[in-house]
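[1] Here you go, sequence then predicted model.
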Amino acid sequence: MSCQPHDRESYLIRLWTEHDDDHAVLRGSIQDVQTGLKTYFDAIDLPLQLLRESALRLRGDEARRPLH
């Protein structure tokens, strides 16, 4: 079984911490490699939801649309 370019999506996820009032705060970004669209986040729920939506699109459960 081969993987065609339209059958895959690629994302670059970056994570880092910033210190705010003596405690570390999670920060990150998720970038759609095909479109270049980058979304910043401060909670891990957002990139997980975006990846979940991507998986549903690849399965054909909903039409492909750009990353938020």
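    Yes, it's here.
[2] what packs against the strand or helix carrying residue 57?
    Using DSSP states H and E, residue 57 maps to helix 45-59. For helix 45-59, the packing partners by 3 or more CB pairs under 8 Å, 6 or more residues apart in numbering; DSSP states H and E come out as strand 11-20, strand 23-32, strand 38-41. (Glycine included, C-beta is placed from N, CA and C.)
[3] tell me the angle the first one makes with strand 23-32.
    Meaning strand 11-20. Put simply, strand 11-20 runs at 160 degrees to strand 23-32, going by axes from the mean of the first three to the mean of the last three CA atoms, to 10 degrees.
[4] ok now strand 11-20, how far from the chain's centre?
    Averaging C-alpha positions (CA atoms, centre = their mean, to the nearest Å) puts strand 11-20 13 Å from its chain's average.
[5] What residues of that strand count as buried?
    Judged by neighbour count (16 or more other CB atoms under 10 Å), strand 11-20 contains these buried residues: residue 11.
[6] Quick check: can you name the pairing partners of it and their directions?
    In its sheet, strand 11-20 lies beside strand 23-32 (antiparallel), with partners assigned from DSSP bridges.
[7] which residues touch the partner strand?
    Outside strand 23-32, the residues within contact range by CB atoms under 8 Å, 6 or more residues apart in numbering are 9-19, 37-44, 46-47, 50-51, 66-67.
[8] redo that, cut-off 6 Å
    11-18, 38-42, 47, 50, 67 (CB atoms under 6 Å, 6 or more residues apart in numbering).
[9] which parts of it are buried?
    Buried residues in strand 23-32, counted by 16+ other CB under 10 Å: 28, 30-32.
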